[in-house]
Every structure is written in structure tokens, then in C-alpha cells.
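Asks: what would the 3D arrangement of this be:
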Amino acid sequence: MESEGSGYADVALRDAVEQGLAEGPRMQVATRAIAAVGQYLPFGISPDLTNFPTGAQMVSGVEEARRAAREQIGHGADLIKVYADWRHPTLTVDEIRVIVEEAHKQGLKVAAHATTPEGIKNAVTAGVDSIEHGHRADREDIEMMKAKGTFLVPTVGVIDAIFEKDKDEPTTPEQRKRKEAFLQGIQQEVQQARSLGVKIASGYDASTPERQGRNANELVALTKRGLTPLEAIQAATVNAAELLGWQDRVGAIEAGKYADLIAVDGDPLSDITVVQRVKFVMKGGTVVKGTAAK
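Replies: As a prediction, this is how the structure comes out:
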């Protein structure tokens, strides 16, 4: 969902996998992502370091936003990611809208990092295909997403991982109060989306090297927010395939689709945590982990 300053390295990795030069999953890559000038990582860099790598491509104004989208698509992006906010709303509706226009006319999707009520509204109004995180969404945001068919990718697994890591850190009563309010807001966000019928897709937001490859944690985290195990699995399969525009090739075990599947030792409908212990992986009919049954 973004190369975090490594340019178009994700395009090269995707292509290497497709060409059989490296073993890996099927990938859709967003390359550099697009953010408002001064409103994304890294912060605190000396202003004389004008070419210092940034986490996203920084833009200011409609035409810079349009050019960034065209550049990224031209260099191989399968989708475009925008930062609709950081700690407050950043890109304008018009800036996001032209990015959406450039992507959609080439059949590509746009995902928006958005965690503030106004940032979410701006992104949905501009026509993005998914809201990533959405942790401070209000009911109006959720209703807008339902009306426009916008997917929600809650990324709650990474929240659990961060709080688990920091659980022994000393906190003040005010910090604990803010944490509890934040977690309650996330609970409300996911439950409202589920009750209103917003399509939910699974995305983990690994964010650090040690959390890479732990996407199954997201399914466990989603069930903690009220999804059934089946709904969590659907978020990671059929729903995610639809969001990617790949519903004709992945997301289900059906004739005419890739034979991409996993096997676990147990029933995930009764114990969702078994998806964290994958015993067998097949990609396109080829076993890449475990042993094929005789």
C-alpha cells in the first residue's frame, strides 16, 4: 500500500515474482502514495536536504496531484494511495478527486488513509474506493461509505499489536482514558459498518519489519470487534478480491480461478486463531509450503 520512500521497488518485486525470478505472492502495488506537502513522514528533516527521501510523493494543488497520479501509474502502479489526513485533514476534495479521475479512467482503484471524520468525508466525497483505518469515523462517514459503495479496511490488528507491545509502559490516568476512548471508537466504527452493510476488507498494516507476514492477526482482531469468524474470513477472501478487482480470479475455490489456497489444522469457524498457524499453501496449483495430500 506504499513503498515508504523506496520509490518503485515494489513494482520491481511484483514483476520479479510474476516473471518467476523470485518466489512470492500475487501483488498489487501502490508505489509511492500521495500526500500533502509537509504532512507525511519523515518530519523534522533539515530544510536544506531538498532531495531527502519521503514516505510519499508530496503535492500541493490540483495539478500537482494529477501529475503525481499520472507519474505513478506510468511507472507501474496497480492502484493509487492517498493520505486524506494525518493528524488533521490535509488533501482537499478537489486534489483527491483528480487523483481518482486519473486512476479510474485507467481502471485502477484509489485507497485513502483517513482517520479523522472530515478526512474520511473528503475522501469518500472525492470517490475513493476504500478507506484505510477510518478509526475516528462518525456515523455520517459510515452512512456515506454505504451509499457510495466504499470499502472499509479497518486495520485493527496493528492497533492490538501496538498496544500489546506497550502494555507494560507506565501511563497516566489521562493517557489510559484517551486509549480507552480510542479503542471504543474503533469498536463502534467496525460495528456500525457491519450493521449498515458497508463492505469490510482485511488489511493488516504491518508497518514494521517484525510484523510483516502476520496478516492473519487481522482476522483475529476483526472477530474481537464483533465480526463472526466467517465474516472475518470473507473480509480476507471474497471481499478483498472484490476490492482488488480480482474477483474473477481469486478469493474463492472455484472453477476458472487460480488454485490459491491454504490449509490449517482445525476449524477456523470455531477457532479463528488457527489461521495464524498455516500448515499448507498452494499458489496457482503449485505447493509452496507443506506437502500435497496423496
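
Asks: pLDDT at the residue nearest the centre of the chain, what is it?
Replies: The chain has residue 203 as the residue nearest its centroid, 4.6 Å off, counting by Cα atoms, centre = their mean. Turning to residue 203, the model gives it a pLDDT of 97.

Asks: got the phi/psi numbers for the nearest residue to it once chain neighbours are set aside?
Replies: Sequence neighbours aside, residue 153 is the residue nearest to residue 203 in space, at 4.0 Å (criterion: Cβ to Cβ, 6 or more residues apart in numbering). C-beta here means a position set from N, CA and C on the backbone, and glycine is covered the same way. Note on residue 153: its backbone torsions stand at phi -120, psi 90 [degrees, to the nearest 10].

Asks: ok, now which ones touch residue 66?
Replies: By Cβ atoms under 8 Å, 6 or more residues apart in numbering, the contact set of residue 66 is 98, 99, 101, 102.

Asks: what helix or strand does it sit in?
Replies: With elements taken from DSSP states H and E, the one containing residue 66 is helix 62-74.

Asks: mind listing what's buried along that helix?
Replies: 64, 65, 66, 68, 69, 71, 72, 73 (16 or more other Cβ atoms under 10 Å).

Asks: which one of the residues you listed sits closest to residue 213?
Replies: For these, the minimum distance to residue 213 (Cβ to Cβ) is 25.6 Å, reached by residue 72.

Asks: list the contacts of residue 183.
Replies: 159, 163.

Asks: next: residue 59.
Replies: Contact partners of residue 59, counting by Cβ under 8 Å, 6+ apart, are 34, 35, 36, 37, 65, 67, 68, 91, 95.

Asks: mind putting these in JSON lines, distance to residue 287 included?
Replies: Output for the contacts of residue 59, formatted as JSON lines (distance: Cβ to Cβ, whole Å):
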{"residue": "34", "distance to residue 287": "39"}
{"residue": "35", "distance to residue 287": "41"}
{"residue": "36", "distance to residue 287": "46"}
{"residue": "37", "distance to residue 287": "48"}
{"residue": "65", "distance to residue 287": "44"}
{"residue": "67", "distance to residue 287": "45"}
{"residue": "68", "distance to residue 287": "41"}
{"residue": "91", "distance to residue 287": "44"}
{"residue": "95", "distance to residue 287": "46"}
